[in-house]
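1. I would like the atomic coordinates for the input below:
(one chain, ligands or ions: 1)
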Amino acid sequence: MLSTEEKARYARHFSLSQVGLEGQEKLKASSVLCIGAGGLGSPAILYLAAAGVGKIGIVDADAVEVSNLQRQILHGQANLGQSKLDSAELRIRDTNPHVEVVKYPENFTSQNALEIAKDYDVIIDGTDNFPTRYLSNDVSVMLKKPNVYASIFRFEGQLSVFAPHLGGPCYRCMLPQPPDPGTVPSCAEAGVLGVLPGIIGSLQAMEAIKLILGTGEPPLGKLLHYDALQTQFREFKLKRDPECALCGEHPTITKLIDYENFCGMNTPPPNNPAEISVTELQQKLSNNFEGIFLDVRETWEYDVANIPGARLVPLATFPSIIPELKAQGLDQEIIIHCKSGVRSDRACEFLRGEGFTHAINVAGGIDAWLKLP
Ligand SMILES: [Zn+2]
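-> Numbers count the residues shown, from 1 in each chain. Okay, here's the model as predicted:
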């Protein structure tokens, strides 16, 4: 039941037939989990709070820094140094004291994600990195909760709602494999115009509210793309992939995995014989290495920087050299590197599949090599 004060507060909603008193009570009874209280989370959380969503959970382990304030409108000058959760809570209370705020001062991980997310109706993905994005997707699919996805880059943003249980695709249907780490710059590297997450995060709040009210059409199977420079919204169709490893007909992902590893963020253990560190590579090369040493990056990457002695064979053309390699013996030592170790790992796996016994990946790739003292 809404109090007299609440009825006055939400008066503008009552003349909308899609909301009304009944819808407002739905909002009050609802809960939304926002992963991240940053650029996207800021407007999303503020509008959800203002609209009267009863419970808002926020996962964020960071403190407010001055460089956040250009876009993260939940936080202000007075909150510098404070945890983003405490700052967000103060701001929410000021906007709407009727909202219950639940704070999770930790990173969203495979260990805590299911436990945290299970109590919420809708999940808002306000993350800025691939491991957490895949985790957020997988948790949502496993718990059958709609995942309001968005991402931003410089002057462009995109939005969708992933919900296989409502008939749409999931994030993995759109992007089965994460990009090679290092190939997609983060917002910190690439920059982002401050108002962009304001627009896209507000769209996320709108979709969450529509889902709660059960009104309108959520963008299931639809990717909305916004180009701020051209002032253009475009739509792309997304199809559910029957082969999707998570929501497909024969899923291979049935529990949460190691997402850092999946996204190639981890340096593998040094004892893995199929992998060597750049230090080991340096030693081998300075000891007159007699095996085969390959670089599977693209030509332009090779031109920017390369490791002396490495032969360039871009991954796409890799199968063409198999006969030549086979002629030198399947037990020949073959060391392969790329930018960060992901593409070369694929090449090694391919070689092992072809029967080669000594395909060795260079962990960390040329990125790690260039950092050698
Ligand atoms: Zn899927």
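2. which stretches in the stretch 1-150 of the chain count as strands?
-> 31-35, 55-59, 100-104, 122-125, 147-153 (DSSP state E, counting those that start in this stretch).
3. excluding sequence neighbours, find me the nearest residue to Ala117.
-> What sits nearest to Ala117 in space, not counting adjacent residues and going by Cβ to Cβ, 6 or more residues apart in numbering, is Val139, at 5.0 Å. In short, each C-beta sits where N, CA and C put it, glycine included.
4. show me what contacts whichever residue of the stretch 1-150 of the chain sits closest to the ion?
-> Going by Cβ to the ion, the ion is nearest to Val141 of the stretch 1-150 of the chain, at 7.0 Å. Applying Cβ atoms under 8 Å, 6 or more residues apart in numbering to Val141 gives the contacts Asn147, Phe162, Pro164, His165, Cys170, Leu246, Cys247.
5. any idea which of those is closest to Gly221?
-> Among the contacts of Val141, Phe162 lies closest to Gly221 (Cβ to Cβ), at 9.6 Å.
6. which residues does the closest one bridge with?
-> Asn147 (DSSP bridges).
7. let me see the contact set for it.
-> Contact partners of Phe162, counting by Cβ under 8 Å, 6+ apart, are Asn137, Ser140, Val141, Pro146, Asn147, Tyr149, Gly168, Pro169, Cys170, Tyr171.
8. show me what contacts the fifth one?
-> In other words, Asn147. Asn147 makes contact with Ile123, Asp125, Ser136, Asn137, Ser140, Val141, Val161, Phe162, Ala163, Cys170, Tyr171, according to Cβ under 8 Å, 6+ apart.
9. same thing with the second one?
-> Neighbour list for Ser140: Ala117, Ile123, Pro146, Asn147, Phe162, Ala163, Cys170 [criterion: Cβ under 8 Å, 6+ apart].
10. that older thread, deepest-packed of the strands of the stretch 1-150 of the chain, please.
-> Among the strands of the stretch 1-150 of the chain, the stretch with the highest mean neighbour count (mean count of other Cβ atoms under 10 Å) is strand 122-125, at a mean of 28.
11. for it, packing partners?
-> strand 31-35, helix 130-143, strand 147-153, helix 195-213 (3 or more Cβ pairs under 8 Å, 6 or more residues apart in numbering; DSSP states H and E).
12. can you rerun that using 10 Å?
-> strand 31-35, helix 41-51, strand 55-59, helix 113-117, helix 130-143, strand 147-153, strand 156-162, helix 195-213 (3 or more Cβ pairs under 10 Å, 6 or more residues apart in numbering; DSSP states H and E).
13. nearest to Leu74 among those would be which one?
-> Of the helices and strands packed on strand 122-125, nearest to Leu74 by Cβ to Cβ is helix 41-51, at 4.0 Å.
14. in that closest one, which residues are buried?
-> Gly41, Ser42, Pro43, Ala44, Ile45, Leu46, Tyr47, Leu48, Ala49, Ala51 (16 or more other Cβ atoms under 10 Å).
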